[in-house]
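*Asks:* task: produce atomic coordinates for the following.
(2 chains)
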Protein chains: 2
Amino acid sequence: MSDLETLVLDCARRARTAAHELAVATRASKDTALHAMADALVAHQDAILAANAEDVQRARDNGTPESLVDRLRLDEGRVAGMAQGLRDVAGLADPVGEVLRGSTLANGLELRQVRAPFGVVGIIYEARPNVTADAAGICLKSGNAALLRGSTSALASNRAIVEALRGAVQASGLPADAVQLVPGEGHDAAKVLMRARGLVDVLVPRGGGGLIRSVVEESTVPVIETGVGNCHVYVDAEADLDMALAIVLNAKTHRPSVCNAAESLLVHADVAEEFVPRVVAALQDAGVTVHGDERFAAQEGVEPATEADFDTEYLSLDISAAVVPSLEDAVAHIRRHSSGHTEAIVTRSQAAARRFVAAVDSAAVMVNASTRFTDGGEFGFGAEIGISTQKLHARGPMGLPEMTSSKYVVTGDGHVR
Amino acid sequence: MSDLETLVLDCARRARTAAHELAVATRASKDTALHAMADALVAHQDAILAANAEDVQRARDNGTPESLVDRLRLDEGRVAGMAQGLRDVAGLADPVGEVLRGSTLANGLELRQVRAPFGVVGIIYEARPNVTADAAGICLKSGNAALLRGSTSALASNRAIVEALRGAVQASGLPADAVQLVPGEGHDAAKVLMRARGLVDVLVPRGGGGLIRSVVEESTVPVIETGVGNCHVYVDAEADLDMALAIVLNAKTHRPSVCNAAESLLVHADVAEEFVPRVVAALQDAGVTVHGDERFAAQEGVEPATEADFDTEYLSLDISAAVVPSLEDAVAHIRRHSSGHTEAIVTRSQAAARRFVAAVDSAAVMVNASTRFTDGGEFGFGAEIGISTQKLHARGPMGLPEMTSSKYVVTGDGHVR
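*Replies:* Residues are numbered from 1 along each chain as shown, chains lettered A, B, ... in the order given. This is a model prediction of the structure:
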């Protein structure tokens, strides 16, 4: 066993021990710890910002693009935001102990299915250091010990944040090892986590498609896949075209770099003659490059789309676009190309909406609303660890309840079969 | 790509197409199909029994132990049982469409989280051919297309059963490819399923520990791990010892070959002097070999236990046994050795029961009841695809609801951010 493997597995074992304490911690003690964690971030702000300045300098020296440097950068406002996030989590209901199902069986046995923590949760994520505090807070509130594996580019920031958080957890009477930064550089430490079946209960990768695919491929620990979004807006024959225009523009341009932004537009042939020129002009006015099929490419400035365009999550001011002869063809197109995150239909027809909702197999289906609403905050969950695009366990925005398992508690008075 | 790989992936693609139809099938049409499937098993009974006789003969020729031959054997009663199982599933509520969560957001968006099928479910299982009908019925009712990969030893039986079922599904207006037997012999076809990420949504291995481990290790498709049970009974200092005796005997001897049978007994030191001789005598009278620690091994006929004994799922008339100085030591022992299936405490103390329930991290925790109650039938679920021992998605007995995912349906009237 390599030194790194030993180090990472030792972390995981300490997390397991901490998880036993966390599993039986009361809501009150967890909320006390969360407030202490928030206070500690503010109290240690200077150290955190100094460490972050190191990471930013190193990123610039390595020629990192300024947009990524911006994700890495912390300032007073962002530290305050992390602290507020922890206080918000303290204000949410404790998922642990919630009774999901309960009955008294014919033989008198009392059956209760109760939410219980997973135990040890590994989070593998990319540059944003604020994820460190968010993930630690969500894990702690849901009774899980967190093994945080951030990117090497944010190592100094993450160390400073975790040091502050661990001190606060310990001072409030819970085990410091409830929050740990996994040691080592590069991909090797993450690989050890992925093979630590039995020590780590769940892995949540957060980041780009490449990171998520590699975790899914290599992990023997159960994974919750998050966040790749090739989201579609379908404008039906019966759409209100003004509404459709507003939804397409919002879904594409409101924040193009996020997973719930629209990447593809489908327009029913019956409204194409009127809608295609309008939507192309409006998108181009907003700085969007349209990659269109033949019907769209007849408009000036539209790039001809390849099959690959329809599979692309641009995360930029680009959109693929096609005219479809029917709702069924729109559904078939979505089945072929979607990543299963969010699809929207714009229609006045109740029948079309019902058919689209039933036939489209994605984490979220929007009727007359922007794809941008698929979000834990918008859904009112109060905290979000990511958006699951898999079908097992959790699908769509994941809040505190999605960070738990359950167990059956069965009580009798000497029952035998 | 090998010929087998092509064949298996073609099956999976046909299953995907069938799944699109199944996802929108009404409960009425699914129940009609389930009754037709039951009728077809009875109508094709002669062909099924003839095929089964071939399998049984081949197994005997290969020197298969008679206990395994018995699992493989079908007769009129067992075929009638399979048919009744399908009718029972028809009588259960349809999980698809159940609203799990719903609210109207502050901005007027209507949010609904609704149960939806997984899509394509692969079941990999061992000798019992009745699993073929059970799994097909549960998958169909939950709106999933089933890819059934039974063992080669039951191939003729499984073919005859699936032929009957497919004809009935088709005749009732649903796609025959909702139920398919995966072609090929041996482990290779199962391996193709395990790598068919994107075509197969979930794999459920049912069988021995070796089969389940290999699926968990090799699969990139999400897996629901089932059924390995190293179950403990802990007799507390405050136990009613008559009740404890009855529960230990029932948990060990009622049906020793199943996953919810007890495999290990822990006795609090305060009651050891009285209880150890009593329980050893009773177990020995029932034909059980006790593998005990020092305290137990002082009794005549008790075999000295090794550390390996405490990790063994015997599935036979054997039990490991130890005296523990405290409830906390019992919990620590269980954490070290349990497979996370079911543990029981026998106690009159409310405090001991609460502590045991909170600290033990298993799919089911019994208070003053036999471990044998962890079962979909006993829990009143009406049908069971297996008992999950993992923490992701489903834990404990899995009924119809556990065979579904969910999706969010969000309805607005032109909402944008």
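
*Asks:* show me what the lengthiest helix in chain A is packed up against.
*Replies:* In terms of residue count, the longest helix belonging to chain A (DSSP state H) is helix A:3-23. Helices and strands touching helix A:3-23, by 3 or more C-beta pairs under 8 Å, 6 or more residues apart in numbering or on different chains; DSSP states H and E, are strand A:110-117, strand A:120-125, strand A:145-149, strand A:179-181, helix A:188-194, helix B:350-359. Heads up, the C-betas are built off the backbone N, CA and C, glycines and all.

*Asks:* any chance you could list what contacts the next helix or strand along the chain from the longest one?
*Replies:* Just to be clear, that refers to helix B:350-359. Heading C-terminal from helix B:350-359, the first helix or strand you meet, by DSSP states H and E, is strand B:364-369. Where contact means C-beta atoms under 8 Å, 6 or more residues apart in numbering or on different chains, the residues beyond strand B:364-369 that reach it are A:109, A:407-416, B:243, B:247, B:341-347, B:353, B:356-357, B:371, B:373-374, B:396.

*Asks:* change it to 7 Å
*Replies:* Residues from elsewhere that reach strand B:364-369, judged by C-beta atoms under 7 Å, 6 or more residues apart in numbering or on different chains: A:109, A:407-415, B:243, B:342-346, B:353, B:356-357, B:373-374, B:396.

*Asks:* got a pLDDT number for A:D3?
*Replies:* A:D3 carries a pLDDT value of 89.

*Asks:* sticking with the closest residue to chain B within the stretch 201-350 of chain A, tell me its helix or strand.
*Replies:* Residue of the stretch 201-350 of chain A nearest chain B, by C-beta to the nearest C-beta: A:N250 (3.6 Å). Element membership of A:N250 [criterion: DSSP H and E] is helix A:241-253.

*Asks:* give me the contacts around the helix or strand of chain A with the lowest mean pLDDT.
*Replies:* For chain A, the helix or strand with the lowest mean confidence is helix A:209-218, at a mean of 85 (criterion: mean pLDDT, DSSP states H and E). Counting by C-beta under 7 Å, 6+ apart, helix A:209-218 makes contact with A:I124, A:E126, A:K191, A:M194, A:L203, A:P205, A:V223, A:E225, A:T226, A:V228, A:E313, B:T220, all of which sit outside it.

*Asks:* do that again at 6 Å, thanks
*Replies:* Residues lying outside helix A:209-218 but in contact with it, judged by C-beta atoms under 6 Å, 6 or more residues apart in numbering or on different chains, are A:M194, A:P205, A:V223, A:E225, A:V228, B:T220.

*Asks:* quick one: what helix or strand has the residue lying closest to A:A47 once chain neighbours are set aside in it?
*Replies:* Leaving aside its sequence neighbours, A:A47 sits nearest to A:A160 (C-beta to C-beta, 6 or more residues apart in numbering or on different chains; 5.2 Å). A:A160 is part of helix A:155-171, with elements assigned from DSSP H and E.

*Asks:* give the contact list for A:G412.
*Replies:* Shown in contact with A:G412 (C-beta under 6 Å, 6+ apart): A:L109, B:N368, B:A369.

*Asks:* one more time with 8 Å
*Replies:* Counting by C-beta under 8 Å, 6+ apart, A:G412 makes contact with A:N107, A:G108, A:L109, A:E110, B:M366, B:V367, B:N368, B:A369, B:F373.

*Asks:* same check on A:R60?
*Replies:* A:V69.

*Asks:* hang on, the earlier thing: nearest to B:A171, of the helices and strands packed on helix A:3-23?
*Replies:* Put simply, out of the helices and strands packed on helix A:3-23 the one that sits nearest B:A171 is strand A:110-117, at 38.3 Å, with distance taken as C-beta to C-beta.

*Asks:* dump the closest one to PDB, keeping only the CA atoms.
*Replies:* Taking only C-alpha atoms (Å, rounded to 0.1, in the frame of the first residue of the first chain), the coordinates of strand A:110-117 have been written out as PDB:
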ATOM      1  CA  GLU A 110     -44.600  -1.800  15.000                       C
ATOM      2  CA  LEU A 111     -42.800  -0.900  11.800                       C
ATOM      3  CA  ARG A 112     -41.000   2.500  11.300                       C
ATOM      4  CA  GLN A 113     -38.800   3.500   8.300                       C
ATOM      5  CA  VAL A 114     -36.700   6.300   9.600                       C
ATOM      6  CA  ARG A 115     -34.100   8.500   7.900                       C
ATOM      7  CA  ALA A 116     -30.600   7.800   8.900                       C
ATOM      8  CA  PRO A 117     -27.300   9.300   7.800                       C
END
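
*Asks:* close to chain B, is it?
*Replies:* Yes: for a cut-off given as C-beta under 8 Å from any C-beta of the partner chain, strand A:110-117 has contacts with chain B, namely A:L111, A:Q113, A:A116.

*Asks:* that strand - contacts with which helices or strands?
*Replies:* Under the contact definition 3+ C-beta pairs under 8 Å, 6+ apart, strand A:110-117 sits against helix A:3-23, strand A:99-104, strand A:404-415.

*Asks:* please identify the most buried of these.
*Replies:* For the helices and strands packed on strand A:110-117, average neighbour numbers computed from mean count of other C-beta atoms under 10 Å in any protein chain shown are highest in strand A:404-415, which has a mean of 21.

*Asks:* what angle do the helix or strand following the least confident helix or strand of chain A and strand A:364-369 make?
*Replies:* Read in the C-terminal direction, the helix or strand following helix A:209-218 is strand A:231-235, with elements assigned using DSSP H and E. Here the directions of strand A:231-235 and strand A:364-369 differ by 40 degrees (axes from the mean of the first three to the mean of the last three C-alpha atoms, to 10 degrees).

*Asks:* good, we can wrap up now.
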